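Okay, predicted coordinates and the sequence, questions at the end:
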Amino acid sequence: MKSSSGFHVDLPPWPEVDFAAFGETETLPLSRIQKLTAGYLSRNWLAIPQVTHHDEADITSLDACRAQLAEQCGSRVTPLAFIVKALAQGLREFPRFNASLDADGQNLIVKKYFHIGIAVDTPSGLLVAVIRDCDKKSVVELAGEIHSISARAREKGLPMSDMVGGCMTISSLGNIGGTAFSPIINAPEVAILGVTKAQWKPCRNDNAIDWRLMLPLALTYDHRVINGADAARFAVFVADVLGRPQSLIE
Ligand code: CAO
């Protein structure tokens, strides 16, 4: 395989094992989406020197705020809508995160738009639905769009036009669980934000213990484009914005 940086990888052949020789088995064909995803994930895993940085955001106020918003607008507002909005602010503040290397890895293309991909778990495999111009939409609009596009993705899949042009992807496992993971970058993007389940944690507040709802963040970045200190600053910025949800709904 030749990567955008021009290196070649020679791998030993995949082990061929007769599993049935060791016990009963069943063969399940992969879906078209699963096969495509497998190829892209393998390429991205091999070709990008990627590092995952972990942080957490205090979303105690955000959780109260989203319940209030949901009541006002009469529809569901999950934390993800706030995360999309906060990420768009992060991309504006840190333009190297809103960029892609060109095909031969010689130039960085910095985007002036803020389209964010959402990984959606569908019965036929993983799809990334792209929400356009997230900086210009309200949290309630984003919540509605996330809900409708993920429902469409699950019911009948998405046209290519709904899956291209993203600046950065969010992989949210928050509705399922987990404390941390390492999401793989969705090339040619240079970073991906993973989110797992928010947990109530005791935090020291002066000499008392305060229970806070903490959201784990896992930021995987392309180390050719982003250095560790900037990744840490980016994560702190996004966490700080999520900690002040009023700033996202004003
Ligand atoms: N912590 C705690 N609860 C969370 C949460 C978090 N981080 N994120 C969501 N939740 C809650 C929601 O608030 C909702 O509860 P309420 O109805 O009480 O508000 C519940 O979990 C279910 O949320 P949801 O999944 O319906 O909606 P969402 O906006 O959070 O996520 C989507 C939408 C499309 C991202 C999600 O359904 C999905 O497909 N996730 C899987 C993505 C995936 O597979 N990633 C891995 C990619 S790499 O293999």
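Yep, that arrived.

Which single residue in this protein comes nearest to the ligand?
In the chain, the residue that lies nearest the ligand is Gly174 (2.1 Å; C-beta to the nearest ligand atom). Quick note: C-beta positions are derived from backbone N, CA and C, even for glycine.

Go through this protein and flag its longest helix.
The longest helix of the chain (DSSP state H) is helix 139-156.

Which secondary structure elements does that one sit against?
Contacts defined by 3 or more C-beta pairs under 8 Å, 6 or more residues apart in numbering; DSSP states H and E place helix 139-156 against helix 60-73, helix 79-93, strand 116-122, strand 125-131.

Would you tell me which one of those is buried the most?
Comparing the helices and strands packed on helix 139-156 by mean neighbour count (mean count of other C-beta atoms under 10 Å), helix 79-93 comes out on top with a mean of 24.

So which bits of this protein are right by the ligand?
Residues of the chain lying close to the ligand by C-beta under 6 Å from any ligand atom are 76, 78-80, 118-121, 126, 146, 150, 171-175, 183, 195, 197-198, 215.

May I have stretch 181-192 as CSV, with CA atoms only?
Output of stretch 181-192 as CSV, limited to C-alpha atoms (Å, rounded to 0.1, in the frame of the first residue of the first chain):
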residue,chain,number,x,y,z
PHE,A,181,-11.9,4.4,23.5
SER,A,182,-9.7,5.3,20.6
PRO,A,183,-11.7,6.3,17.5
ILE,A,184,-10.0,6.0,14.1
ILE,A,185,-9.7,9.1,12.1
ASN,A,186,-12.1,9.4,9.1
ALA,A,187,-9.6,10.4,6.4
PRO,A,188,-9.0,13.0,4.9
GLU,A,189,-10.1,14.6,8.2
VAL,A,190,-7.3,15.2,10.7
ALA,A,191,-9.2,14.5,14.0
ILE,A,192,-12.2,12.7,15.4
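
pretty sure Arg233 contacts Arg96?
No - under the criterion of C-beta atoms under 8 Å, Arg233 is not in contact with Arg96, lying 10.8 Å apart.

Who has more neighbours out of those two?
Arg96 (18 against 14; other C-beta atoms under 10 Å).
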